[in-house]
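Participant: Could you look at this predicted model? Sequence included:
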Amino acid sequence: ALRESLLRVLEVAKERDATVHMPRIGTGLAGGSWPVIEEIVSEILVRAGVKVFVYDLPQGKEGAKPQKDLAFTA
């Protein structure tokens, strides 16, 4: 399901020449492993040339800050 969803995100990002901004999906209540999810995101989006910014959600009053720009890890 994640791969299918990211393929759709890829289509839209390419159509609009957009970057993708996202939290570490699938690692909270879903119990997923971020390294596995990160590899799938990199495989589908980054390798296709889409810049991806991953955010850790804020725990307090500060806003979310990007923790990793996956566009430079592929």
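Facilitator: Ah, there it is.

Participant: what comes up buried for stretch 4-20?
Facilitator: Judged by neighbour count (16 or more other C-beta atoms under 10 Å), stretch 4-20 contains these buried residues: 6, 9, 10, 13, 20. (Glycine included, C-beta is placed from N, CA and C.)

Participant: longest helix of this protein?
Facilitator: Ranked by residue count, the top helix of the chain under DSSP state H comes out as helix 2-16.

Participant: Now do that helix: everything it contacts.
Facilitator: 18, 19, 20, 25, 26, 37, 40, 41, 44, 45, 48, 50 (C-beta atoms under 8 Å, 6 or more residues apart in numbering).

Participant: about what we covered before: from the buried residues of stretch 4-20, which is closest to residue 58?
Facilitator: Each of the buried residues of stretch 4-20 was scored against residue 58 by C-beta to C-beta, and residue 20 proved nearest at 19.3 Å.

Participant: neighbours around the closest residue to the closest one other than its chain neighbours, how many?
Facilitator: Distance criterion C-beta to C-beta, 6 or more residues apart in numbering; nearest residue to residue 20, sequence neighbours excluded, is residue 52 at 4.7 Å. Taking other C-beta atoms under 10 Å as the criterion, the count of residues near residue 52 is 25.

Participant: my guess is residue 52 contacts residue 23, does it?
Facilitator: No: at 11.7 Å, residue 52 and residue 23 do not qualify as touching, with contact defined as C-beta atoms under 8 Å.
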